[in-house]
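Student: with the sequence up front, the predicted model follows.
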Amino acid sequence: MAPGIFSSVKEKLKSLTQGSDESVLGIDIGSSSLKVVQLRASKNAAILETYGEIALGPYTDIPVGKSVKLSPEKTTEALLDVIREANVTAKSVGVSIPFSASLITLLDLPKVEEDQLKRVIPIEARKYIPVPVSEVTLDWFIVPEDNREPDAFDRVEKETMMQKRGQEVLLVAIHNDTLRNYQGIMSTSGLTTSFYEIEIFSTMRSTLGHSPAPVMIIDFGASTTKIYITERGVIRGSHLMNIGAQQMSETLARTMSWSFEKAERVKREWGLNDAPAMTREENDRVHQALLSTLTRVFAEANRVLLGYGKRYNREVLHAVLTGGGASLPGIAPVANNSLNAEVEIAHPFAKTETPAFLESVLREIGPAFSVAVGAALRKLQ
């Protein structure tokens, strides 16, 4: 995340910001589960102290794996439960805001002085925000000009229309009601909130390296899939799909005449790998049911890749798959065969120091914790 971005949000919430503890907590309140990660700084390293995840469905008597919209009171209850179960001791926290509760868009504007830009942006924002601007907290950031030398990622094409225009501005907006709800949850939980940031910035921090090359991030959540393209640490495109890992379980349950609970369990345990207790025909039916959702996700990701190439004259050759759905067994080869880019599964815990005996477990569950790890890392920085 670029310096200064979201500064107005932090100013609005500065009454919540106090000194940091030795240990810090990153919190990710998703649609189907709530994740926390506690880190501690030691000799320029981020030490993993504890982590935890709790399903939100049971708080409204629906199955694990289904998305749910909890009241602030129920969310507070779930947060306190996972804090207790994970033996969290940190009181200073960073909190992610869901992408679906925010707006991130790029504005193409003529080159003008910054003072004039401050007057233009609220006017332009009205075109993209479906509520009065007074009801949201706005921030914006001028995307630096691309003055690099041509490289292997450039297409051999003429300059695009966008490149001939003036400048790009990254616009960020969060509804004030969303911020107030999160403020109430954290206050009731007895936590000191240092910052709120939209989940994509946390994900970028925990999953991306320092390469200047453009990268696609596919965040495969329970109810939605978010597709982002970033370059040089800046979001250059974002897209939201209203399908996710929950749809895979629902399709599998219908296909096999199973309960949702059984479908969710089989999906998590075996995914696209063969389950030894099933026949060849049954395994094939399971795989096809799961692939019906994945095919739609990867087809849309390829469309986003194509659109980015046309807009920016740049090839995206690398993609990172994150979110709980990225932990589906067997997803990596399918993603590599389906996407027009080389795919890796996110491993956010690689940015931390962890016990060796936890390596395989943390790699397996890591994609679901990308946001929580990224929020905690920002607090340490």
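Tutor: The structure has been received and is ready for your questions. Numbers count the residues shown, from 1 in each chain.

Student: residue boundaries of the strands in the stretch 151-300 of the chain?
Tutor: Per DSSP state E, counting those that start in this stretch, the stretch 151-300 of the chain carries strands over the ranges 167-175, 192-198, 215-220, 225-231, 234-241.

Student: okay, the ones you listed, which one's buried deepest?
Tutor: strand 215-220 (a mean of 25; mean count of other Cβ atoms under 10 Å). (Each C-beta comes from the backbone N, C-alpha and C, glycine too.)

Student: got the angle for that one vs strand 234-241?
Tutor: Inter-element angle recorded for strand 215-220 and strand 234-241: 30 degrees (by axes from the mean of the first three to the mean of the last three Cα atoms, to 10 degrees).

Student: strand 215-220: partners in the sheet, and parallel or antiparallel?
Tutor: Using DSSP bridges, strand 215-220 pairs in its sheet with strand 225-231 (antiparallel), strand 318-322 (parallel).

Student: quick check, Val37 in contact with Ala372.
Tutor: Yes - the pair Val37 / Ala372 is scored as a contact, 4.1 Å apart, by Cβ atoms under 8 Å.

Student: overlap in contacts of the two?
Tutor: With contacts defined as Cβ atoms under 8 Å, 6 or more residues apart in numbering, the residues shared by Val37 and Ala372 are Gly26, Tyr51.

Student: low pLDDT regions in the stretch 1-150 of the chain?
Tutor: Applying pLDDT under 70 to the stretch 1-150 of the chain flags the ranges 1-21, 146-150.

Student: please enumerate the strands of it.
Tutor: 23-29, 33-42, 45-55, 92-97, 102-109, 136-142.

Student: mind putting those strands into a markdown table with distance to Thr255?
Tutor: As requested, those are exported to a markdown table (distance: least, Cβ to Cβ, whole Å):
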| stretch | distance to Thr255 |
| --- | --- |
| strand 23-29 | 31 |
| strand 33-42 | 24 |
| strand 45-55 | 23 |
| strand 92-97 | 34 |
| strand 102-109 | 35 |
| strand 136-142 | 42 |
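
Student: what's the closest of those strands to Glu359?
Tutor: Between Glu359 and these, the shortest gap by Cβ to Cβ is with strand 45-55, which sits at 11.3 Å.

Student: only alpha carbons, please: show that closest one as PDB.
Tutor: Provided in PDB are the C-alpha atoms of strand 45-55 (Å, rounded to 0.1, in the frame of the first residue of the first chain):
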ATOM      1  CA  ALA A  45      11.700 -10.600  12.000                       C
ATOM      2  CA  ALA A  46       8.000 -11.200  12.500                       C
ATOM      3  CA  ILE A  47       7.500 -14.100  14.900                       C
ATOM      4  CA  LEU A  48       4.300 -16.100  14.700                       C
ATOM      5  CA  GLU A  49       2.900 -16.400  18.200                       C
ATOM      6  CA  THR A  50      -0.600 -17.800  17.600                       C
ATOM      7  CA  TYR A  51      -3.300 -17.900  15.000                       C
ATOM      8  CA  GLY A  52      -7.000 -19.000  15.000                       C
ATOM      9  CA  GLU A  53     -10.000 -19.400  12.800                       C
ATOM     10  CA  ILE A  54     -13.700 -19.900  13.800                       C
ATOM     11  CA  ALA A  55     -16.600 -20.700  11.600                       C
END
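
Student: tell me what it is packed against?
Tutor: Packed against strand 45-55 by the contact rule (3 or more Cβ pairs under 8 Å, 6 or more residues apart in numbering; DSSP states H and E) you find strand 33-42, helix 72-85, helix 370-380.

Student: can I get the strands of the stretch 151-300 of the chain in CSV including distance to Ala346 and mean pLDDT?
Tutor: Shown next, in CSV, are the strands of the stretch 151-300 of the chain (distance: least, Cβ to Cβ, whole Å; pLDDT from 0 to 100):
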stretch, distance to Ala346, mean pLDDT
strand 167-175, 23, 85
strand 192-198, 17, 91
strand 215-220, 8, 97
strand 225-231, 12, 94
strand 234-241, 17, 89
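
Student: out of those strands, nearest to Ala46?
Tutor: Judged by Cβ to Cβ, the one of those that comes nearest to Ala46 is strand 192-198, at 15.6 Å.

Student: quick check: Ser202 touching Ala375?
Tutor: Yes - between Ser202 and Ala375 there is a contact at 4.6 Å, judged by Cβ under 8 Å.

Student: longest helix in the chain, please.
Tutor: Longest among the helix segments of the chain by residue count, using DSSP state H, is helix 280-312.

Student: could you pull out the buried residues of that one?
Tutor: Buried residues in helix 280-312, counted by 16 or more other Cβ atoms under 10 Å: 283, 286-287, 289-291, 293-294, 297-298, 300-301, 304-305, 308-309, 311-312.

Student: same deal with stretch 354-364?
Tutor: For stretch 354-364, the neighbour count (16+ other Cβ under 10 Å) marks Thr354, Leu362, Arg363 as buried.

Student: so what sits against both of Ser202 and Ala375?
Tutor: Gly26, Asp28, Gly94, Ser96.

Student: who's the first one bridged to?
Tutor: Meaning Gly26. Beta-bridge partners of Gly26, as defined by DSSP bridges: Val37, Gly94.

Student: same deal with Ser42?
Tutor: Residues in beta-bridge contact with Ser42 (DSSP bridges): Ala45.

Student: what is the neighbour count of the nearest residue to Arg232 once chain neighbours are set aside?
Tutor: Nearest residue to Arg232, sequence neighbours excluded (Cβ to Cβ, 6 or more residues apart in numbering): Pro212, at 5.2 Å. For Pro212, the neighbour count with other Cβ atoms under 10 Å is 11.
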